[in-house]
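# build me a model from this:
(one chain, ligands or ions: 3)
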Amino acid sequence: MKLYVDAGNTRLKWCLDQAGETVASGAGVLDEENPFPGLTRYASDIRSIAVSTVASEEKRGRLLDYLSRLSAVAACCYWAEPERGGLRNAYSDYKRMGADRWHAMYGAWLDHKQGFAVVDAGSAVTVDYVDPHGRHLGGYILPGLQMMLRSLKTDAARIGFDPEQVLATAPGKSTGECVNHGLAWLSDAMIARIGRDTSEFGLTDVLVTGGDAPRLIDLGLSGIHRPDLVLAGLRAVAGEEAS
Ligand SMILES: Nc1ncnc2c1ncn2[C@@H]1O[C@H](COP(=O)(O)OP(=O)(O)OP(=O)(O)O)[C@@H](O)[C@H]1O
Ligand SMILES: CC(C)(CO)[C@@H](O)C(=O)NCCC(=O)O
Ligand SMILES: [K+]
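Ligands and ions are numbered 1, 2, ... in the order given. Modelled structure (predicted):
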């Protein structure tokens, strides 16, 4: 079996593949005693380990340590690339791009050759545009939804509120409303902007991934929910490298 790991800044997601089929998958947190609940019983069946990570080097070290105790197979980390299979990275300094963005774009490129946007709403939110020729037009990096609420809480002394996942965007009449409606209002503006950009650039599909994808879809982002997009791209990349 092949183990694939997408290690973000908050959570890690994994799946186990046997002959192209997913036999098990899960999510966890590196700092917990068992970051891969559900995986341990398959440990002796693992024949390869591929990792896509944007976590710090310190966290990556701990992840690799954990994996080396789990399995005798060495884990291989995959990074952003300048080009693959007709998909071309807009970054000249492509090594600086988060591996998750590259793998999500490649996962999308395999199934959506007619041009697309990838919206990854994780710890941070990223938006990337790829045209029908596979040219990455560039993208955006924004604070994630939880990150925005957390920064309001910790960096502004008099903003006290309970986070609520509201859809309301009307002007708020209390601190809680102003903050919660504010986040919905800001997301609404981002969603409208993505709509404008995709029609301007002639991109057909919007693929949405990351822990806050359902929230953005609830807020009106009309896209295809692909929770596994980073893992899908990683599987393809690692498979091509092995063959
Ligand atoms: N069970 C969960 N645990 C933690 N966060 C969750 C969970 N379900 C949804 N979320 C939301 O998902 C977001 C984190 O998304 P995700 O799991 O994609 O993070 P990540 O992969 O670590 O992020 P990144 O790749 O940006 O580092 C948080 O902002 C949170 O609101
Ligand atoms: C932007 C995040 C945090 C999104 O997970 C990640 O892709 C990352 O750490 N990127 C490095 C900077 C860049 O992509 O240009
Ligand atoms: K992610």
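# stretch 205-213 near ligand 2 at all?
No - among the residues of stretch 205-213, none lie within reach of ligand 2 under Cβ under 6 Å from any ligand atom; the closest is 8.1 Å away. Backbone N, C-alpha and C define where each C-beta goes, glycine included.
# what mean pLDDT does the helix ranked longest in the chain get?
Taking DSSP state H as the criterion, the chain has its longest helix at helix 175-201. Across helix 175-201, pLDDT averages out at 98.
# ok, which residues in the chain are in contact with ligand 1?
8-11, 54, 100, 122-124, 144-146, 210-212.
# which ones are touching the residue in the chain that ligand 2 sits nearest to?
Proximity to ligand 2, evaluated over the chain using Cβ to the nearest ligand atom, is greatest for Gly98 at 1.9 Å. By Cβ atoms under 8 Å, 6 or more residues apart in numbering, the residues touching Gly98 are Val54, Ala80, Thr126.
# with Glu33 instead?
Applying Cβ under 8 Å, 6+ apart to Glu33 gives no contacts.
# that's a strand at it, yeah?
No - looking at Glu33 with DSSP: H, G, I helix; E, B strand; the rest coil, it is coil, so not inside a strand.
# quick thing: my sequence starts at 553, can you match it?
Let's use 553 as the start, then, which means that last one is Glu585.
# so where do the strands sit in this protein?
554-559, 564-570, 573-580, 600-605, 627-629, 635-636, 639-640, 668-673, 676-682, 688-695, 757-761, 776-777 (DSSP state E).
# with mean neighbour count and mean pLDDT added, can I get these in CSV?
Listed next are the strands of the chain as CSV, based on neighbours: other Cβ atoms under 10 Å; pLDDT from 0 to 100:
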stretch, mean neighbour count, mean pLDDT
strand 554-559, 25, 98
strand 564-570, 20, 97
strand 573-580, 14, 96
strand 600-605, 23, 98
strand 627-629, 15, 98
strand 635-636, 16, 98
strand 639-640, 18, 98
strand 668-673, 27, 98
strand 676-682, 23, 98
strand 688-695, 15, 98
strand 757-761, 23, 98
strand 776-777, 14, 98
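# quick one: which of those is nearest Glu729?
When those are compared by Cβ to Cβ, strand 688-695 sits nearest Glu729, at 20.6 Å.
# which residue, other than its chain neighbours, is closest to Ser596?
Ser623 (7.9 Å; Cβ to Cβ, 6 or more residues apart in numbering).
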